[in-house]
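In: Prediction below, plus the sequence it came from.
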Amino acid sequence: MANMSKGQLLGLFITLGVVTFIISKTVLAYFLYWRWSRNRVYQETMTGGKMVLFKSSGKSSVTSETLLKKTLSLTNKDIIGTGGYGTVYKLVIDEHTVFAIKRLTRNSIDQQRGFERELDAMGDIKHRNVVTLRGYYSSSHVNLLVYDLMQNGSLDGILHSRSPNKVSLDWAARNKIALGSARGIAYLHHDCIPHIIHRDIKSSNILLDEEMEARISDFGLATLINPDQTHVSTIVAGTFGYLAPEYVETGRATEKGDVYSYGVVLLELITGKRPTDEAFVEKGNNIVTWIRALVEDGCEEHAFDPDLVDVLTRREMKEAFIVAYNCLNQNPSERPTMAQVVKMLEEIKLDASSNQKEVG
């Protein structure tokens, strides 16, 4: 540097300045593009695909072109749920029409099969206690499923929320959810042809509409079974804490496996605890083994949610507990069918109404 002339030094500084400026602008441009592309959820994946909307009352005014245009404007701010199944976005068409868009990437054969299973299972389903599939979009990069948005989210989100502003579920609300979800599963098992085994019944897959009516959702693991079949052999999948033990051991999916999972959900409603509550896990237990130990000691009422203390409520909870315990029978053949579960819960509800009239 000492041997360089002033002109050479000036040239060097100018060169360094220009290079630094170019590098900084390049880095800034890359950062801005990265942030933009991250927020633009469907920027290059919505070309060359097919959008299909099913005809339905109340939603007929929405066209596939409108839905696709609105979907293109979704960002990460619109995400309302995410997990192994994909990502769910809230899509507002207008003040009267709001959809949940479930985005499934096509990174593997399993993900594509999950999309196809959900379409197969949901295509013709029309039941008050099962979410309604409004349409779908499929391309070489991404698959979308279009559902009505359930305003109150999932049972898991409400029941186990730690928010100070959480919605409190009294027994009447929990009983309504228990009966509604049982009716939805019974419809899948008994009224659909072929029958549908859900394989992932859990509180986060039970959604609640604006009237707190339960809707069974997420059919990515659903298996179709003909009435004359006893089981379908599958790769074990589902959620720890809800899976029937015989399914884990054999991989044979049956309707009685869904019954077991429903029994776990019913215990959640009665106890207010998750199947894998920290208190259970620390002792190597789950909600089912914990309940069985309490039953052996004759003190199952210790498991009841302390927030539900009304005398009449306790009577109903005892009866619902018996239903749940029957669903969790270690022998699948001795578990009730979902149709029988619905009947038992309806009788509990009827008896409760009669008792309230007598008290009144």
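Out: Structure's in. What do you need? Numbering: from 1, shown residues only.

In: and residue 217, how many neighbours?
Out: Applying other C-beta atoms under 10 Å, we find 23 residues neighbouring residue 217. From N, CA and C alone the C-beta is placed, and that goes for glycine too.

In: Excluding residues flanking it in the chain, which one is nearest it?
Out: With C-beta to C-beta, 6 or more residues apart in numbering as the criterion, residue 217 has its nearest non-adjacent residue at 4.4 Å, and that residue is residue 131.

In: next one: phi and psi at that neighbour?
Out: phi -60, psi 150 (degrees, to the nearest 10).

In: again with residue 231
Out: phi -160, psi 170.

In: Check residue 232 too.
Out: Residue torsions, per degrees, to the nearest 10, at residue 232 are phi -130, psi 130.

In: How about the contacts made by the nearest residue to residue 154 once chain neighbours are set aside?
Out: Leaving out its chain neighbours, the residue that sits closest to residue 154 by C-beta to C-beta, 6+ apart is residue 204, at 4.8 Å. By C-beta atoms under 8 Å, 6 or more residues apart in numbering, the residues touching residue 204 are 154-157.

In: and what of residue 237?
Out: 199-200, 221.

In: Would you agree it falls within a helix?
Out: No. Assigned with DSSP: H, G, I helix; E, B strand; the rest coil, residue 237 falls outside any helix and is coil.

In: these two touch, right, residue 233 and residue 251?
Out: Yes. Under the criterion of C-beta atoms under 8 Å, residue 233 makes contact with residue 251 at 5.8 Å.

In: Tell me which of the two has more neighbours.
Out: Counted by other C-beta under 10 Å, residue 233 and residue 251 do not tie: residue 251 has more neighbours, with 14 against 9.

In: distance of the more buried one from residue 259?
Out: For residue 251, the distance to residue 259 equals 18 Å [C-beta to C-beta, to the nearest Å].

In: just residue 348 next, same as before
Out: Distance of residue 348 to residue 259, given as C-beta to C-beta: 17 Å.

In: of those two, who's got more company?
Out: Taking other C-beta under 10 Å, residue 348 and residue 259 do not tie; residue 259 has more neighbours (26 against 21).

In: Determine the set of other helices and strands touching the host helix or strand of residue 180.
Out: Here residue 180, judged by DSSP states H and E, is contained in helix 171-186. On a contact count with 3 or more C-beta pairs under 8 Å, 6 or more residues apart in numbering; DSSP states H and E, helix 171-186 meets strand 206-208, strand 214-216, helix 255-271, helix 311-327, helix 338-359.

In: Can you find the helix or strand of the chain with the lowest average pLDDT?
Out: helix 6-39 (a mean of 59; mean pLDDT, DSSP states H and E).

In: need the next SSE after it, C-terminal direction.
Out: Using DSSP H and E, the first helix or strand after helix 6-39 is strand 50-53.

In: So what are the sheet partners of that next one and their directions?
Out: Paired with strand 50-53 in the same sheet, following DSSP bridges, are strand 133-138 (antiparallel).

In: Just the angle for the very next helix or strand once past the partner strand relative to strand 133-138, thanks.
Out: Where DSSP H and E defines the elements, the next helix or strand beyond strand 133-138 is strand 142-148. For strand 142-148 against strand 133-138, the angle by axes from the mean of the first three to the mean of the last three C-alpha atoms, to 10 degrees is 170 degrees.

In: domains in the protein, as residue ranges please.
Out: Domain assignment for the chain by automatic domain parsing gives 50-148, 155-359.

In: among the ones you listed, which gets the worst mean confidence?
Out: Ranked by mean pLDDT, the domains of the chain bottom out at domain 50-148, with a mean of 82.
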